[in-house]
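# Generate coordinates for the sequence data below:
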Amino acid sequence: MQHANVVILTDETEFARLLTACWQAERQAPVVTVLTSDLWQEQEAPARDLVVVGPVREGKLTTVLRSLDPATAVILCAPADSKEFSQLRTKYPRLVHVPVREDWAQTLLLVAGESLRRVEAVRLVRQAERVAAKNENHATLGRYMLEMKHSVNNALTSMLGNAELLLLEPGQLSSQSLAQIKTIHSMALRINEVMQRFSSLASEMQEAENASQAETEQTGSPISPRR
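Numbers count the residues shown, from 1 in each chain. Purely as a prediction, here's the structure:
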């Protein structure tokens, strides 16, 4: 939570002061930014993982909530009997409410901690999805190279064979043509080395995958009872 960003949006100075002090007393405190409803603008708001909305001026709450992205984690700290909150509950069902009472600050910190952990979990899931998609693209490329390996090897064999035949009779070639054929022969050998290394790596990865699968199956197999 120490790397999280929290915006406290309130027009009540004491609310912001008390909540900020409570967070600073925690072992892992987020980065806290305090804004009033007059200064709040969604387009220019700082990066945040959570918005805590405290007491604001009359008529401002609906405007603030309407401006927030639906995916934003929001905690509203307001009296439980607030008529305005009752109306907002129907419009914003994902809104988390912490009633204003004697222990509201500690309750809010607990709820905020859970909200931030959820935000972090969602971020990690999305990051994992991006990595998985990237790995899938690499896997597709790898499968294509395996499928084309035979064709590439055939083409390389033809290139090397023809280049070597020409090099057997260097007297029939100009010095420039001879140098070019030597370059073609050298580059074909280099490509062949790359393909051989790729084939070796593919075999090593397949063996490792088979060993891992066998170990998993062995671990998951039921243990026969002794007689």
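# Residue 5 and residue 48 touch, don't they?
Yes - in this structure, residue 5 is within contact of residue 48 by Cβ atoms under 8 Å, at 4.6 Å. From N, CA and C alone the C-beta is placed, and that goes for glycine too.
# Can you pull the residues that touch both of these two?
residue 33 (Cβ atoms under 8 Å, 6 or more residues apart in numbering).
# More neighbours: the two, which one.
More neighbours surround residue 48 than the other of residue 5 and residue 48, with 21 against 16 (other Cβ atoms under 10 Å).
# Residue 76: which element?
Element membership for residue 76, per DSSP states H and E: strand 74-78.
# ditto for residue 64
Counting by DSSP H and E, residue 64 is found in helix 60-67.
# quick revisit: quick check: mean pLDDT across the strand holding residue 76?
Taken as a whole, strand 74-78 carries a mean pLDDT of 84.
# Neighbouring strands - and their directions - for that strand?
As defined by DSSP bridges, the strand partners of strand 74-78 come to strand 50-53 (parallel), strand 96-99 (parallel).
# residue with max distance from the center of the chain?
What lies farthest from the middle of the chain is residue 171; by Cα atoms, centre = their mean that is 62.0 Å.
# For the chain, which helix or strand comes out least confident on mean pLDDT?
helix 83-91 (a mean of 67; mean pLDDT, DSSP states H and E).
# mind checking the longest helix of this protein?
helix 104-167 (DSSP state H).
# how does the chain divide up, domain by domain?
By the assignment in automatic domain parsing, the chain contains the domains 5-101, 129-210.
# Throw those domains into TSV and include distance to residue 117, thanks.
Output for the domains of the chain, formatted as TSV (distance: least, Cβ to Cβ, whole Å):
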stretch	distance to residue 117
domain 5-101	10
domain 129-210	19
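# Give me whichever of these is most buried.
Stretch with highest mean neighbour count among the domains of the chain: domain 5-101 (a mean of 15; mean count of other Cβ atoms under 10 Å).
# Against residue 193, how distant is residue 203?
16 Å (Cβ to Cβ, to the nearest Å).
# sorry, that was for residue 159
14 Å.
# next one: residue 200
Counting by Cβ to Cβ - residue 200 and residue 193 are separated by 11 Å.
# Also residue 178?
Distance from residue 178 to residue 193, by Cβ to Cβ: 23 Å.
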